[in-house]
Structures are given as structure tokens and as C-alpha cells.
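> Got a sequence here, can you build the structure:
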Amino acid sequence: MIHLKGMKPQLSVFTVLVLQDAVVFLLLTHTYAVQSEFIGSAQPIVAMVGDDIILPLHLQPAEDVSDVTVEWARPDLDPRFVHVRRDNVEFLIDQNPLYMGRTSVNKNKAMCGNVSLKLYKVKLSDAGTYRCFIPDLHIDSTVQLVVGGVSSSAIQISIDNNGVVCKSNGWYPDPELLWLDAEGKILSAGPTETVRGPDDLYTVSSRVTVEKRHSNNITCRVQQSNINQIRETQIKVTESFFVVPSPSSSTVHSSSAWFFVLWQF
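Residues are numbered from 1 along each chain as shown. You can find the predicted model right below:
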């Protein structure tokens, strides 16, 4: 065997190029593996009118984004910007007037990758899809906000010759009204009348005919599943409810001959 001393191994141009490509590939793979991504809420955020709420969003792995541009926007609005931070300060020149003075992103939390948007005094018009975008990192994510209104007043009950009427106002979105017997079974009742007021809140009402087989206990329930809100009133009707007024007292309003007790929930 012949040994060539003093000769250094030589790499071909092809080998060098392959090695360079491998190094670039490894660098890109490493960069991709550690790139932060947004973690938010898989479910819509539900808020009531007047609430202060947070649209949660943070980076994982966390990194300091207090000095980079963070844009919160609603694509359906013009201008679309809800809240913008640039160069570590709020940049609200292009902010939609609907959100003026009602938004913030915590600077200290942004240093830990938390860019959640706080929205004050929620309005019905705030419902929609919010997009957060960080241009420097080329990442974005969306958060869905559902806004509801629930009646703050007691359910109104009245009676007439045709039965018992249940009415409730101040709802959004429009709720469902149900009549239930003592066992919780749904009663057959008249159609629910729904009216939308100038404040965009809904009023619902319905009438049910009470029969003795209902064990003299019925419940009016008003519910809105999207915002997980329920209001109900239980009604106990005495035997006198079923007494038909005599002809001599026909001039008296029929409700004066009936008696019922309410339990408000």
C-alpha cells in the first residue's frame, strides 16, 4: 500500500455546496422549531353589555414583544383598527371611533408575550371577530366575541280571560320562552311574540291556558343559550283561578276573581 505523506485532503466544490445547503437547512429547521405561535381561546368569549372583558392571546414560547408592533383589528370595520402599539407606545391615530378610550394592551405583560386586549364597557356593536397581528413575527390569530344582554327586571306576569301571559324585556340575542308544568315538561302554549326595540334589545311574550291537570303549578322560563342566561318565574294558581265569574259580576275585570302566587328566580 502506498502512503502519500504531506498531502491534505481536498473537498470538491460539489461537496462544499452540499455542506452549505445542509447547514442552511439545519438553521432553518431550528428557526422554525422555536418560532412562537399564538395561543388564544378555542371557544368564543361571551360578555354582557357593560362588562369589562379580556380577549386572551399570548405567544408560546413566550418572548418580549413590548417594542414591536401589535395590531388588533376587526376586518368588518372601516377603519378596521381596534388597538395598535408601535415602538412601545399606543398608536391610535387610525383607531375606529367606536373603540376610543375603551381598549388597552398591558405593556408589562407584553414583555412576557401576553398581548391580550382588554375591552371596557362592552357594547352590543362590539360583537364580532377580532384579529391580532404582529408584523415582525409574521403571525396572526383571531378571537371571537359574543355580546349579550339579559333582562335585569323581573318577568312580568298578567292574566286575562284567555290564560296567563308571561313577558320579559331587555334581551340580546332574542331569547326562547318556554312554559313548563310542575314536572318540568314543556306545555303547549301560544306562539312567542318577539319585538326588537330601538336599543336593539328584545322583548318576548307568550300566553298559556292553565288547566287543572297542571297541578296548579306552572313555570315561565326565558333563556338564551348563546350567552348561557336563564330567567324564570314559578306560578302557583289556586282553585279560585278556575272559578268562572257569575253574570252579576261580569262587569268586574276577570282578574279580580283569580288569585296566583309567584316565585321569582
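
> the domain parsing of the protein - what is it?
According to automatic domain parsing, the chain is divided into the following domains: 37-148, 156-245+253-264.

> can you put those domains in CSV and add mean neighbour count and mean pLDDT?
Quick note: C-beta positions are derived from backbone N, CA and C, even for glycine. Listed next are the domains of the chain as CSV, based on neighbours: other C-beta atoms under 10 Å; pLDDT from 0 to 100:
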stretch, mean neighbour count, mean pLDDT
domain 37-148, 16, 94
domain 156-245+253-264, 16, 80
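
> Against Val150, how distant is the residue nearest to Thr209 when sequence neighbours are not counted?
If you skip the residues right next to it in sequence, Thr209 has Gly163 as its closest partner in space, 4.2 Å away by C-beta to C-beta, 6 or more residues apart in numbering. To Val150, Gly163 is 26 Å away according to C-beta to C-beta, to the nearest Å.

> try Asp87
Counting by C-beta to C-beta, the gap from Asp87 to Val150 is 42 Å.

> Equivalent analysis for Glu211, please.
Glu211 sits 31 Å away from Val150 when distances are taken as C-beta to C-beta.

> ok, what's across the strand from Glu207?
For the record, residue 207 is Arg, not Glu. According to DSSP bridges, Val165 are recorded as the beta-bridge partners of Arg207.

> go on, the one 10 residues further on?
For Asn217, the beta-bridge assignment (DSSP bridges) gives partners Lys236.

> Give me the distance between it and Ala189.
Look at Asn217 and Ala189: by C-beta to C-beta, they are 15 Å apart.

> With Asn169 instead?
Shown here: Asn169 relative to Ala189, a distance of 19 Å by C-beta to C-beta.

> same check, this time on Ile45
When C-beta to C-beta is the yardstick, Ile45 and Ala189 sit 34 Å from each other.

> Then Glu183?
Distance of Glu183 to Ala189, given as C-beta to C-beta: 16 Å.

> Figure out the helix or strand that Gln144 lives in.
strand 139-148 (DSSP states H and E).
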